[in-house]
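1. Dropping a prediction and its sequence here:
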Amino acid sequence: MDDDKDLVDVLTFVFQRAGFATIPAHDREVALQRLGSVDIVLMDVDLGRDSGFDLLVQMRRRSDVPVIVLSGRRDEEDVVRGLDLGADDYITKPFNHREVIARVRAKLRKVKATAVEQHLSIVKIGPLTLEESAHAVFKDGEPVALSLTELRLLHYLMLRAGSVVPSEALVRQVWHYEDAGLHDVLRLAVHRLRRKLKDDPTNPQLLETVPGLGIKLRTPLVALPPPSFLPDQGAGLAGTCTCVDPRQAMRESEMRRTAM
């Protein structure tokens, strides 16, 4: 986003050659309209009659898309102001195109990594929801009070739901020990976890102990409805649609008339 069309054209060419799809904009209205269609914004704060700082404020009110300022304003106050108003980076002109591309790629990598972390921080399996960042666990929407160790154990099992997790792996990942003698500690932790999750140990629906192997967090079974297109036994073919070739029907009709 820049009112200098020649610079926009150059940046468009450079970024497209580097494998990026670009959406050029020369004024505030176009930039705000296309804000939801981009992964990152490059903009100047000198926009002729408009203030790029005001535009930056409006962008931040509408979106958290990363913004990198490319500006000829080199004063420290301008740089600090741009960053304080929400810019993720501030590059002064003249700049090297390769450096700008490298900074864009670095920022996009961070955004992607953050998105993955946020996705993994909330895990839902059946009636269970675990919010790692908040250290909170819910069953059917109701909070369950767990110790930090119990939360780590449940989180590790939820990320591997449906698979048997070896006891050795649980001891190593949750308690950070290699000592096989800690299997008794694991059994006690699973017992407490079942009790807090109200999972009947005689008929567990969540935490299943597989003797000699480890622990499995069961995933819910989804009951599939019976196919509605299959006729019931004895119903004949009343629900079947038959496609008839009209030319074939006419030939058969002619043959019947000839035979008569």
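-> In hand now; what should we look at?

2. how about the helix or strand where residue 29 lies: buried residues?
-> Residue 29 belongs to helix 28-33 when elements are defined using DSSP states H and E. For helix 28-33, the neighbour count (16 or more other Cβ atoms under 10 Å) marks 28, 31-32 as buried. Quick note: C-beta positions are derived from backbone N, CA and C, even for glycine.

3. And stretch 8-26, by the same measure?
-> Using 16+ other Cβ under 10 Å as the burial criterion, the residues of stretch 8-26 that qualify are 8, 11, 15, 20, 25.

4. Tell me the one of those nearest residue 39?
-> residue 20 (9.1 Å; Cβ to Cβ).

5. how near is that closest one to residue 106?
-> Note on residue 20: its distance to residue 106, by Cβ to Cβ, to the nearest Å, is 14 Å.

6. And the helix holding residue 29, what does it pack against?
-> helix 52-62 (3 or more Cβ pairs under 8 Å, 6 or more residues apart in numbering; DSSP states H and E).

7. could you say what helices and strands the helix it packs on packs with?
-> Helix 52-62 packs on helix 28-33, strand 41-43, strand 67-71, helix 76-84, going by 3+ Cβ pairs under 8 Å, 6+ apart.

8. try 7 Å this time
-> Other elements packing on helix 52-62 under the criterion 3 or more Cβ pairs under 7 Å, 6 or more residues apart in numbering; DSSP states H and E are helix 28-33, helix 76-84.

9. Could you list the residues in contact with the longest one?
-> By that I understand helix 76-84. Here helix 76-84 makes contact (Cβ atoms under 7 Å, 6 or more residues apart in numbering) with 45, 53, 56, 69, 90.

10. How about stretch 65-73?
-> The contact list for stretch 65-73, computed with Cβ under 7 Å, 6+ apart, reads 35, 38-46, 56, 59, 82, 86-93, 95, 103-104, 107, 111.

11. Repeat the analysis, applying 6 Å as the threshold.
-> Outside of stretch 65-73, the residues within contact range by Cβ atoms under 6 Å, 6 or more residues apart in numbering are 40-42, 44-45, 82, 87-91, 93, 107.

12. pLDDT below threshold where in the stretch 151-260 of the chain?
-> Low-confidence segments of the stretch 151-260 of the chain (pLDDT under 70): 178-182, 221-260.

13. how does it look with 50?
-> Applying pLDDT under 50 to the stretch 151-260 of the chain flags the ranges 222-260.

14. which stretches of it form strands?
-> 164-166, 207-210, 214-217 (DSSP state E, counting those that start in this stretch).

15. closest one to residue 129 among those?
-> Evaluated over these, closeness to residue 129 peaks at strand 214-217, with 13.2 Å, by Cβ to Cβ.

16. Sheet partners, orientation included, of that closest one?
-> Strand 214-217 has the following strand partners under DSSP bridges: strand 164-166 (antiparallel), strand 207-210 (antiparallel).

17. Which among the ones you listed is found nearest to residue 143?
-> strand 207-210 (18.6 Å).

18. Now the closest one: buried residues?
-> Neighbour counts over strand 207-210 (16+ other Cβ under 10 Å) mark 207, 209 as buried.

19. Could you number the chain from 608 rather than 1 from now on?
-> Sure, I'll start numbering at 608, so the last one becomes strand 814-817.

20. can you dump the C-alpha coordinates of that strand into CSV?
-> The C-alpha trace of strand 814-817 is given here as CSV (Å, rounded to 0.1, in the frame of the first residue of the first chain):
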residue,chain,number,x,y,z
LEU,A,814,-9.1,-44.2,30.0
GLU,A,815,-8.5,-47.8,29.1
THR,A,816,-5.5,-49.8,30.5
VAL,A,817,-4.1,-52.3,28.0
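
21. Give me the contacts around that strand.
-> Strand 814-817 is contacted by residues 771, 797, 801, 806, 822-823, 825 when judged by Cβ under 6 Å, 6+ apart.

22. possible to save those as TSV with neighbour count?
-> Formatted as TSV, these follow (neighbours: other Cβ atoms under 10 Å):
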residue	neighbour count
771	14
797	23
801	17
806	17
822	23
823	19
825	16
